[in-house]
Every structure is written in structure tokens, then in C-alpha cells.
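S.K.: the following block contains a protein sequence and its predicted model.
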Amino acid sequence: MLDIDDSPIVRDGNVLILAMDHGLEHGPVDFADVPEKLDPSTVFETATHDAVTCIAVQKGVAEGYYPSYEDDVNLLVKLNGTSNLWMGEPDSAVNCSVEYAAEIGADAVGFTLYGGSNHEVEMAEEFREVQEAAREHDLPVVMWSYPRGQGLKNDTKPGTISYASRLALDLGADVAKVKYPGSREAMAHAVRCAGDMKVVMSGGSKTTDREFVSTVEGVMDAGGHGLAVGRNVWQREDPTRILDALEGVIYRGETTDAALE
Ligand code: FBP
């Protein structure tokens, strides 16, 4: 872990990553209720909001769309990914190198590690290469730290999430993106387990404004450093309203009520 507070993906110590790698990870079904968002430009537009510190996309979307937004948006290139069509033990193909991500303008790189998967060993070895190459290019590394696999599919138990955040620290990530473990206390423990490394919450499926913003308020109260969110922003008709509220909670320490006013 390095101090990344001067990185473009950090604002006042915190991070809001707008994730849009869902076309690969979940498939076009995630855009069914908001078909206009199938056009990646619409989500890049959303990422120009001041609350967003970077957009996280796969290589192909970065190549095609980032050049039009490079003055207004910071770029995180996700280096691995798997489709929902894959039915095997959790794994994620490395589909972009750190060198290529740097060449197309990345300000940071992202990598999914499925701790607990039968493929954990290979994924950790791949992560070593990514982490060391990222240091050469001075790019922060965000780990999507998602323990899952035989025996603990989609597990959000407190002990599993604190293991996820600690594992990211030990392997050399700069930010761990973890699922919400269900309570502020459990989130606070996951944050403590990561030492000085930043821990952010992974968004999840769409909920109401109040439910989502108050969960984020809980993350910030627990010592978390923000959010990596996709559907809870761009599946909304008006992403600006929720981003305004998230800006209040994440960077100004506002309560949910104040932020939603
Ligand atoms: P959401 O906020 O929409 O959950 O996006 C965060 C994210 O990590 C994406 O980067 C990724 O595509 C997706 O969730 C993966 O979700 P899962 O593996 O839990 O299905």
C-alpha cells in the first residue's frame, strides 16, 4: 500500500469510483430498464460530476470512449473480468496489461481477486504481476476483493469481509473494494483490518435513494473512504440527484437527511 492521497482518483482523502464494467460482468440485462445507458457515452457524461473521482471500465470501452472525456474524467482501467456466461469456479481473465492501460491514459488500475476460489492461487500470482507493474507506472491499484467460490458463494459475512480487506492490504493493493458486511460495526472492523489502506464499499443492486445514501453514511462513519458504485447511480433516471447527495455524505460528512434535502 502506498499513500495515494495526491492521486487524481482521490478527493480530500476519499474515493468515488463510478463502475461500468457490467456489460461484461453481468451482461446487457443490467441496462434493460435504462436502454439509453447502453451507450457508454451517457455514463461517461455522468462521470463528469464533481463527486466522481474516476470511472472504472474495461479496455474496450476505455479505448472507444475515454478520448472524448480525458479532460473531464479520470480513468480506472479494469484489468480482468469474467462474463456471467462462465459457469465454473470463480475466476477472471486478465484481458489488459498495466502497460497498455497506462498507454491509453489510465489514472489507476483495477483487479478482481476471488479469495477462497479454487483459482485463488493463480489469481494472486496474476495480481503480483499487476501490482508490481503498476508501481513502475505510478498507478494506484484498486482490488475488487470478493471472496467467493465453493463453500462461500457471494459471502458477505463480517468475518469474510474483514478477511477481504486484510487480504488486499497484504497483497499490496492501495484501495480495497468490498461488499457491505451488513452493519457499521462489521464495516468498522473491516476498515481496521486494512490498516491505513483505503476501504470502499461496493455498490450492489439498485435500492431507494434513502437506503443507499444511509448505507454510505454508515460506511463513512465506520472509517471507510467512499464507494465504488455502478447500478445505484446509472440505473437511475436522474443520476445527478444521488451524486449530489453522495458528494455531501462522502466529502462533507453530511447526514443522509441533509444530503438528500
Ligand atoms: P454495482 O455498484 O452495480 O454493484 O457495481 C460494482 C461492481 O463491482 C462492478 O464493478 C461489477 O461489474 C459488479 O459490481 C460485480 O458484481 P457481482 O460480481 O457481485 O455480481
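M.R.: Here it is on my side, so go on.
S.K.: give me every residue that touches whichever residue of the stretch 101-250 of the chain sits closest to the ligand.
M.R.: In the stretch 101-250 of the chain, the residue that lies nearest the ligand is Gly203 (2.3 Å; C-beta to the nearest ligand atom). In this view, the C-beta of every residue, glycine as well, is placed from N, C-alpha and C. With contact set as C-beta atoms under 8 Å, 6 or more residues apart in numbering, Gly203 has these partners: 19, 212, 227-233.
S.K.: can you pick out the most distant pair from these?
M.R.: Across the contacts of Gly203, no pair lies farther apart than Ala19 and Phe212, at 14.3 Å, counting by C-beta to C-beta.
S.K.: where does the stretch 151-261 of the chain dip in pLDDT?
M.R.: 153-154 (pLDDT under 70).
S.K.: before we move on, back to that, now the residue of the stretch 101-250 of the chain closest to the ligand. Nearest residue, chain neighbours left out?
M.R.: Using C-beta to C-beta, 6 or more residues apart in numbering and skipping the chain neighbours, the partner closest in space to Gly203 is Val229 (3.4 Å).
S.K.: quick check: residues of this protein near the ligand?
M.R.: Residues of the chain that fall close to the ligand, judged by C-beta under 6 Å from any ligand atom: 19, 21-22, 25, 144, 202-204, 228-232.
S.K.: in this structure, which spans are strands?
M.R.: 15-19, 54-57, 75-78, 80-81, 93-94, 108-113, 141-145, 175-178, 198-202, 226-229 (DSSP state E).
S.K.: show me the contact partners of the third one.
M.R.: Yep, that's strand 75-78 we're talking about. Strand 75-78 has contacts (C-beta under 8 Å, 6+ apart) with 9, 17, 21, 54-59, 62, 66, 96, 101, 104-112, 142, 144.
S.K.: could you rerun that using 7 Å?
M.R.: Residues outside strand 75-78 that contact it (C-beta atoms under 7 Å, 6 or more residues apart in numbering): 9, 17, 21, 54-59, 62, 66, 96, 101, 104-110, 142.
S.K.: over to the second one?
M.R.: Around strand 54-57, the neighbours that count as contacts under C-beta under 7 Å, 6+ apart are 9, 17-21, 44, 47, 73-78, 107-108, 110, 228.
S.K.: try 8 Å this time
M.R.: Where contact means C-beta under 8 Å, 6+ apart, the residues beyond strand 54-57 that reach it are 8-9, 15, 17-21, 40, 43-44, 47, 65-66, 69, 73-78, 107-108, 110, 142, 228.
S.K.: what about burial for the residues you listed, which qualify?
M.R.: Buried members of the contacts of strand 54-57, counted by 16 or more other C-beta atoms under 10 Å: 9, 15, 17-21, 40, 43-44, 47, 65-66, 69, 73-78, 107-108, 110, 142, 228.
S.K.: excluding its backbone neighbours, what's nearest Val130?
M.R.: Distances taken as C-beta to C-beta, 6+ apart put Phe111 closest to Val130, at 5.3 Å, once the chain neighbours are dropped.
S.K.: quick check: longest helix of the protein.
M.R.: helix 120-136 (DSSP state H).
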